[in-house]
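K.L.:
structural data only, the sequence is not supplied:
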């Protein structure tokens, strides 16, 4: 991978991570992260929409009229969101029922619109796709970490329903018996999302050293 | 600056491309989505009728493919056309060719939108004018999470199980918990009065239709199909 391509991926996943540094896409990051499986599907859904819309916006960037630019971007984003919604309803029904509203809300996810407007509309397709994947991975890993912490500590297990019905008990049996099924419910409830995401942002930013003034 | 004509043309063209894309994808996945919807409905029927499998486990808790098998094995539709969704379809639970229960489709308005479900009845005791409720399952609604949405909770469903012995027609759903007295009253949900009233309305409309229909004679009484 060439230098600029590598830098695009790196920026999206880490140094300019949409959630940690730009605080975009927070709504869905808080809402679907009480289960690891939902967070993963949401990450995939967003990555698909981001790649599709950035790619198409970039491909059409020379023909899209300046005046109706943003309407066209929303139209293209909405198209990909509906495609994802249909695919989830067809192949991941249980997850689709849980995430229903949040999938539709990808249309207003600031990351997607942000990448289309800030990057894809002025850059070639290849770079726009790389930028989209970088940001998509950046969004997904944050969701996965938050969901892992919330589901494991909040319920003591990880449940999968889409591909196969499985439950992974994370803690050893004696510990589970001692806890008597009483895990901190707070982590599963909405406030838990704020706490865990806030802590994660703090840890990532602190590990990157003091913030640079721009 | 782009000319207005070009703007309109390009905008229309991109709109058309998006539309074609969507129509294509929808055509590709529609059969799957419809199957998922029908499994949801079959699951609700199995749950309302409290259908048990060979081992005595709840058929409604099974996986999607299993639900279809159990539905074919235990349930028969005895009234209603395939194409029409919004009518009082009637389903019967057969076990060794005996009728174990009857489920009637119920539908009506909740607080925010349409609710759909199934009201299951025990076989009618000859000579009596009433039925014992076997179960009530709402499988589609747009009620408020935490308030009206509690119609989906086990606690609310348990108020309609055969063991509590509630009778229809003439069922009343009350305003809150802890008020119900006698076989015609069921506790409603506190702070979800409109949802509770909606349920009462749809249950009573369905049972009034059923009582007047010719489906009651013969097969409903627990005899042969």
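P.N.:
On my side now, so go ahead. None of the values given here were measured: they were computed from a predicted structure.
K.L.:
which parts of the longest strand belonging to chain B are buried?
P.N.:
Counting residues, the longest strand found in chain B (DSSP state E) is strand B:98-109. Going by neighbour count (16 or more other C-beta atoms under 10 Å in any protein chain shown), the buried part of strand B:98-109 is B:99-108. (Glycine included, C-beta is placed from N, CA and C.)
K.L.:
quick check: residues of chain B near chain A?
P.N.:
Contacts of chain B with chain A, taken as C-beta under 8 Å from any C-beta of the partner chain, map to B:1-2, B:6-7, B:10-11, B:14-15, B:18, B:21-22, B:25-26, B:29-30, B:32-33, B:36, B:39, B:63-64.
K.L.:
how far does the helix or strand bottoming out on mean pLDDT in chain A sit from the chain's center?
P.N.:
Counting by mean pLDDT, DSSP states H and E, the weakest-scoring helix or strand in chain A turns out to be helix A:173-179, with a mean of 80. For helix A:173-179, the gap between its own C-alpha mean and the chain's C-alpha mean amounts to 33 Å (C-alpha atoms, centre = their mean, to the nearest Å).
K.L.:
show the average pLDDT along stretch A:26-46.
P.N.:
On average, the pLDDT along stretch A:26-46 is 89.
K.L.:
may I see the buried residues of that stretch?
P.N.:
A:26, A:28-46.
K.L.:
re earlier: out of the residues of chain B next to chain A, which are buried?
P.N.:
B:7, B:10-11, B:14, B:18, B:21-22, B:25, B:29, B:33, B:36, B:39.
K.L.:
narrow those to those in helices?
P.N.:
Using DSSP state H, the members of those that fall within helices are B:7, B:10-11, B:14, B:18, B:21-22, B:25, B:29, B:33, B:36, B:39.
K.L.:
can you pull out the strands in chain B?
P.N.:
So, for chain B - with DSSP E - the strands run B:75-79, B:90-95, B:98-109, B:114-121, B:131-140, B:167-168, B:172-173, B:185-186.
K.L.:
buried deepest among these, which one?
P.N.:
Among these, strand B:114-121 has the highest mean neighbour count (mean count of other C-beta atoms under 10 Å in any protein chain shown), at a mean of 24.
K.L.:
and the contacts of it?
P.N.:
With C-beta atoms under 8 Å, 6 or more residues apart in numbering or on different chains as the test, strand B:114-121 has contacts from B:44-45, B:48-50, B:91, B:93, B:101-109, B:131-143, B:151, B:168, B:195, B:198-199, B:202-203, B:206-207, B:210.
K.L.:
equivalent analysis for stretch A:198-213, please.
P.N.:
Outside stretch A:198-213, the residues that reach it (C-beta under 8 Å, 6+ apart) are A:15, A:17, A:19-21, A:23, A:142, A:145-146.
K.L.:
cool, and stretch A:148-161?
P.N.:
A:33-37, A:94-95, A:166-171, A:176, A:179, A:181, A:183-188, A:192-193, A:196.
K.L.:
can you tell me which of the residues you listed are buried?
P.N.:
Using 16+ other C-beta under 10 Å, the buried members of these are A:33-37, A:95, A:183, A:187-188, A:192-193, A:196.
K.L.:
how close does residue A:126 get to residue B:198?
P.N.:
Remark: distance between residue A:126 and residue B:198 (C-beta to C-beta, to the nearest Å) = 55 Å.
K.L.:
more neighbours: those two, which one.
P.N.:
residue B:198 (24 against 13; other C-beta atoms under 10 Å in any protein chain shown).
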